[in-house]
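> Prediction below, plus the sequence it came from.
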Amino acid sequence: VQLVESGGGSVQAGGSLRLTCRTSLYSIASMGWFRQVPGKEREAVAAIARPPAFTVYADSVKGRFTISQDKAKTTVYLEMNSLKPEDTAMYYCAADLRGDWYSPSNYNYWGQGTQVTVS
């Protein structure tokens, strides 16, 4: 199983980025985004699941980030707007949620990450 993230980069505060995660699996019902900075634990950012329709966000990104999934459920996106320096991190895609969305240990598959830097 492969998850491949893309779309990271460097932007100024207030800018936007769109992260993409493509999976080799077909019709994954649940996927999520996490982020991590060196020396800190991996932090849940957002998750999406269908069915039933379910999206959830960390309080720190609510109203600024949007998670979505294509109809085939092989790709998940994270639209990030009004970026702040504190959003700087390595962003990871995760798939196949089995439990609480905010716990990294509840996902079975992970990508390698894409770096987001906000200055």
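Received, thanks. All values reported here derive from a predicted model rather than from experimental measurement.
> what's the pLDDT at Val1?
Reported pLDDT at Val1 in the predicted model: 76.
> Report how many residues lie close to it.
For Val1, the count of nearby residues is 11 (other C-beta atoms under 10 Å). For glycine as for every other residue, the C-beta is placed from the backbone atoms N, C-alpha and C.
> Does it touch Leu25 like I think?
Yes - taking C-beta atoms under 8 Å as the definition, Val1 is a contact partner of Leu25 at 5.7 Å.
> Now do the shared contacts for the two.
Taking C-beta atoms under 8 Å, 6 or more residues apart in numbering as the criterion, Val1 and Leu25 both touch Ala95, Tyr109.
> Centre of the chain to stretch 52-70, how far?
Put simply, stretch 52-70 sits 9 Å off its chain's centre (C-alpha atoms, centre = their mean, to the nearest Å).
> Buried residues, it. List them.
Tyr57, Ala58, Val61, Phe65, Thr66, Ile67, Gln69 (16 or more other C-beta atoms under 10 Å).
> Could you identify the most distant pair in the residues you listed?
Ala58 and Gln69 (17.9 Å; C-beta to C-beta).
> show me the contacts for Leu25.
Per C-beta under 8 Å, 6+ apart, neighbours of Leu25: Val1, Thr74, Ala95, Asp96, Tyr109.
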